[in-house]
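1. give me coordinates for this.
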Amino acid sequence: VQLVESGGGTVQAGGSLRLSCRASGRFYRRYCVGWFRQAPGEEREGIAAMDSNGKIRYATSVKGRFILSKDNANNTVYLQMNSLKPEDTAMYYCTADQNCVRAVTDFAYWGQGTQVTVS
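-> Numbering: from 1, shown residues only. Model (predicted):
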């Protein structure tokens, strides 16, 4: 499974960004998908995950501001980020796994990451 993220950048506080993640390889629609982020010197923070039934969970820190969605036809996962805050600054990683019991930060596959900076 290969995951390639895009859409990161620099935005002012209060702004929005949409991250995309294109999956390829032996990626199946029943896989769980999600996003985690990591800021320098900080631990990974799981922020959103979708299970094989389409149920979505969000971290408290992003609930109501971020929206996770999935386009099965194009094997693409999105993270719409609204009302961004400086504390959202981090490297964002798309992740996937066939084992939906694991925490999103422990999923088996992840991409190279895309940087989000909120000033």
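2. could you check how far residue 2 is from residue 52?
-> Between residue 2 and residue 52 the distance is 20 Å, computed by C-beta to C-beta, to the nearest Å. Any C-beta I mention is one placed from the backbone N, CA and C, and that applies to glycine too.
3. before we move on, what about residue 9?
-> Distance, residue 9 to residue 52, by C-beta to C-beta: 31 Å.
4. tell me the bridge partners for residue 57.
-> In this structure, residue 57 has beta-bridge partners residue 49, where bridges are defined by DSSP bridges.
5. contact partners for the most centrally placed residue in the chain?
-> Among the residues of the chain, residue 35 comes closest to the average C-alpha position under C-alpha atoms, centre = their mean, at 2.3 Å. Counting by C-beta atoms under 8 Å, 6 or more residues apart in numbering, residue 35 touches 19, 21, 46-49, 68, 77, 79, 92-95, 104.
6. ok, those vs residue 112, which is closest?
-> Out of the contacts of residue 35, the one with the shortest distance to residue 112 is residue 93. That distance is 8.0 Å, counting by C-beta to C-beta.
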